[in-house]
Structure formats: C-alpha cells, structure tokens
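Q: dropping the sequence and predicted coords here.
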Amino acid sequence: MTRSPLAIKRRRILGDIYHRCDPISSIPVYLKDKTEEPLGSMDEGKGDFADTFLFHLPEIVRRKLSAGHFEYILEFDYAKESKSIEAKKRIVLRGILLMPKFVPAVKNKSPVPSV
C-alpha cells in the first residue's frame, strides 16, 4: 500500500515561531508521547510545496490530522550560537507529538421513541 504524504503549511504548525525555525530534513512524528515507536515522519516540501511540511503517516492518522483532530506539540532545540544575535533565537525541530483533541460526547436530549 502506497502512502501519499499530507501537506500542511509551515505557518499553521509553527505559528509564532515560523520565522525562527531552521529547515529540516526529516523528523519523527509520535502519537501522544515518545514511549512507542514513531508513527511516521515529517519533512519539508520541495518545488510547488516549498512552504509546507509533508507528513508521511498511516492513512487513518492522515485523515484525522487533515480534519483537525490533533494538536501539535513541537520538540525543538535552539540552534548553535553564532556571532549574530538573531541566530540565538533560531530553533531546530527535533520531533513532533500529535495530541488528540478532546471531543465531548453529545447527549441526546430527546427520548428515543420505542417502536
């Protein structure tokens, strides 16, 4: 079975740290915590998808991720220091955790008619 990657804009995932993030090659993607093996990986898009992250994940996880069922927790380090003050603020992504969003159960307010 072939896996087609899911492309999501870098700004959507990184938010306020968008301009501070260094380019990545490939980082692991975990579900909830890092105790188990990674679900897949995430890398940067090329060409037409240059400003996106490409998620290489199982199909069911890709569908839920594209529907907004997860929040992102970023694992990062600060880039190595250099002479520039701006370089001290740069970050390097090391991994990403997908945390399922809590969806409250909807209670049926009307009684179910019995047949």
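A: Nice, I can see it.

Q: C-alpha only now, for contacts and for neighbours.
A: Will do.

Q: can you report phi and psi for the closest residue to R11 other than its chain neighbours?
A: Once flanking residues are discounted, R11 sits nearest to Y18: 5.6 Å by C-alpha to C-alpha, 6 or more residues apart in numbering. Backbone torsions for Y18, taken as degrees, to the nearest 10, come to phi -50, psi -50.

Q: go on, G95?
A: Main-chain dihedrals, G95, degrees, to the nearest 10: phi -180, psi 170.

Q: okay, and the helix or strand of this protein with the least pLDDT?
A: One helix or strand of the chain scores below all others by mean pLDDT, DSSP states H and E: helix 85-88, with a mean of 57.

Q: dig out what the spatially most central residue of the chain forms beta bridges with.
A: The chain has Y72 as the residue nearest its centroid, 5.0 Å off, counting by C-alpha atoms, centre = their mean. Beta bridges link Y72 to L98 when assigned by DSSP bridges.

Q: and the gap between it and F49?
A: Applying C-alpha to C-alpha, to the nearest Å, the value for Y72 to F49 is 20 Å.

Q: could you report the neighbour count for K80?
A: Neighbours of K80 under the rule other C-alpha atoms under 10 Å: 11.

Q: how confident was the prediction at it?
A: Here, the pLDDT recorded for K80 equals 76.

Q: do you know how far it is from M99?
A: 29 Å.

Q: and what of S26?
A: Per C-alpha to C-alpha, S26 is found 20 Å from M99.

Q: ok, which stretches of the chain are helices?
A: All helices of the chain, identified by DSSP state H, fall at 10-14, 59-66, 85-88.

Q: for K34, which of the ones you listed is the nearest?
A: With respect to K34, and counting by C-alpha to C-alpha, the nearest of the helices of the chain is helix 59-66 at 16.5 Å.
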